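Q: A structural model of the following input is requested.
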Amino acid sequence: MPIVAHNALPSYARLREEGVTVLAGDKAAQQDIRELHIGLLNMMPDAALEATERQFFRLVGESNPIAQFYLHPFTLDELPRGEKARAHIARYYESFDAIREQGLDALIITGANLVGPDLVDQPFWRPLIRVIDWAYESVTSTLCSCLATHAVMQFRYGQTRVRQPEKIWGVFSHRVVDKGHPLVSDVNTRFDVPHSRWNDVSHAQFEAAGLNVLAESEEVGVHLATSEDGLRFVFLQGHPEYDTVSLLKEFKREVGHWAEGQRDYPPFPENYLQQREKALFSEHRLLLMEAREQGMDPPEFPEALASDRLDNTWHDTGEALIGNWMGCVYQVTNSDRRLPFMAGVDPKNPLGRRVKSGG
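A: As a prediction, the model looks like this:
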């Protein structure tokens, strides 16, 4: 079933252009179909704010034909924003207070850019913990992406992420290690996922916390895990939501930082670029160096020449994962029974559902 465009958020129009089914709010109201209300705590920086909306909204909209999806983006006031992003948020985003009052069936929490290495020193740390605490008690399932996974692991499970010697960056092969969990139902036993992170929570740390590891990579570790009950928290260290060009745009940004003298020249994202594209970027590097030496304008980054030759080997798996997640949320919120994998859920602290909550 479709995403419901219950406001004028520009991402809805972009998704319609891509072929995602997006239904106008007045038409959705005429249909007697179960609603699922999904929050998106979007903590990404300004340049990625709207792209992140589309990436996660797209996966939800392409997922499970069982409900109408109402998406509720919000952010944290403590995150630094430019004027354009602040205007976008003021016009289209909801407040956490309003979302807490109305309730959610499910929540997605994105990553964020940091200032300094320690999570607890970030200005958004305490507000993020406030959202996590509320979600644990009041939301059926929360999907944590990258930094959000690391925050929950540190705050709730006492497992602190570890800085890696080199950035985990590229597209990596993973395997399903718990084939019985419904989140990986009909997912290929081997599949690709992009990663882009300096830090890692290891398999041993997930196990020490008593959590369930569902999929991991021999090269870069755990990608997918869940909380003890199998659904309340879903943890991702990779980025199945990424567009085909997302890593390319990150590489372009890092090359720009190198050109400005802010860092060494970045390595190529692993298992992502073909030899032709690597040669293009190596030539561009030489041209940048020549232009700098001669005091000339820098050459344009050859993004257009490379983007059409990139392969996307992860989207179908990401779509299947989010579809399974939505199916699990639907079953829990649409009945009073536990799913088989939730046998250990404390009946005094059941998984949440969309109810009004002022707490």
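Q: can you tell me which residues contact residue 144?
A: For residue 144, the contact set (CB atoms under 8 Å, 6 or more residues apart in numbering) comprises 109, 151-152, 233-236. In short, each C-beta sits where N, CA and C put it, glycine included.
Q: same question, residue 214
A: So residue 214 contacts 176-178, 181, 183-184, 224-226 (CB under 8 Å, 6+ apart).
Q: hmm, back to that, in strands, which of the contacts of residue 144 fall?
A: Counted as lying in strands by DSSP state E, out of the contacts of residue 144, are 109, 233-236.
Q: Show me where the stretch 251-359 of the chain dips below the pLDDT cut-off.
A: 335-359 (pLDDT under 70).
Q: swap the cut-off to 50 and go again
A: The model of the stretch 251-359 of the chain has pLDDT under 50 over residues 356-359.
Q: what about the helices in it?
A: 275-294, 303-307, 315-333 (DSSP state H, counting those that start in this stretch).
Q: Please tabulate the contacts of residue 214 in CSV, including the columns pLDDT, distance to residue 169 and secondary structure.
A: Shown next, in CSV, are the contacts of residue 214 (pLDDT from 0 to 100; distance: CB to CB, whole Å; DSSP: H, G, I helix; E, B strand; the rest coil):
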residue, pLDDT, distance to residue 169, secondary structure
176, 98, 23, strand
177, 97, 23, coil
178, 96, 26, coil
181, 95, 28, coil
183, 96, 25, helix
184, 96, 25, helix
224, 98, 19, strand
225, 98, 21, strand
226, 98, 25, strand
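Q: Where neighbours are concerned, which of those has the most?
A: Taking other CB atoms under 10 Å to define a neighbour, the member of the contacts of residue 214 with the most is residue 225, carrying 28 neighbours.
Q: Look up the residues forming beta bridges with that one.
A: Taking DSSP bridges as the rule, residue 225 bridges to residue 213, residue 235.
Q: Tell me who's in contact with it.
A: Applying CB under 8 Å, 6+ apart, the residues near residue 225 are 206, 211-214, 234-235.
Q: ok, now how distant is it from residue 9?
A: Distance, residue 225 to residue 9, using CB to CB, to the nearest Å: 31 Å.
Q: With residue 319 instead?
A: Where residue 9 is concerned, residue 319 sits at a distance of 21 Å (CB to CB).
Q: What of residue 262?
A: Counting by CB to CB, the gap from residue 262 to residue 9 is 33 Å.
Q: higher neighbour count, those two?
A: Shown here are residue 262 and residue 9; by other CB under 10 Å, residue 9 has more neighbours (20 against 9).
Q: sorry, back to before: okay if I get the helices of the stretch 251-359 of the chain as a markdown table plus mean neighbour count and distance to residue 94?
A: Formatted as a markdown table, those follow (neighbours: other CB atoms under 10 Å; distance: least, CB to CB, whole Å):
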| stretch | mean neighbour count | distance to residue 94 |
| --- | --- | --- |
| helix 275-294 | 13 | 40 |
| helix 303-307 | 14 | 33 |
| helix 315-333 | 22 | 19 |
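Q: Could you say which one of the ones you listed comes nearest to residue 78?
A: helix 315-333 (28.0 Å; CB to CB).
Q: Which strands or helices does the closest one pack on?
A: On a contact count with 3 or more CB pairs under 8 Å, 6 or more residues apart in numbering; DSSP states H and E, helix 315-333 meets strand 35-41, helix 46-61, strand 106-109, strand 141-145, strand 190-200.
Q: of the ones you listed, which approaches residue 119 most closely?
A: strand 190-200 (9.3 Å).
Q: Buried residues, that closest one. List them.
A: Judged by neighbour count using 16 or more other CB atoms under 10 Å, the buried positions of strand 190-200 are 191-197, 199-200.
Q: try stretch 126-140
A: Buried, per 16+ other CB under 10 Å, within stretch 126-140: 127-129, 131-132, 134-136, 138-140.
Q: Please narrow these to those residing in helices.
A: Per DSSP state H, helices hold the following members of the buried residues of stretch 126-140: 127-129, 131-132, 134-136, 138.
Q: pLDDT and distance to residue 67 for the residues you listed - can I get that in TSV?
A: Below are these laid out as TSV (pLDDT from 0 to 100; distance: CB to CB, whole Å):
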residue	pLDDT	distance to residue 67
127	97	30
128	97	28
129	96	30
131	97	23
132	97	25
134	96	23
135	96	20
136	94	23
138	94	19
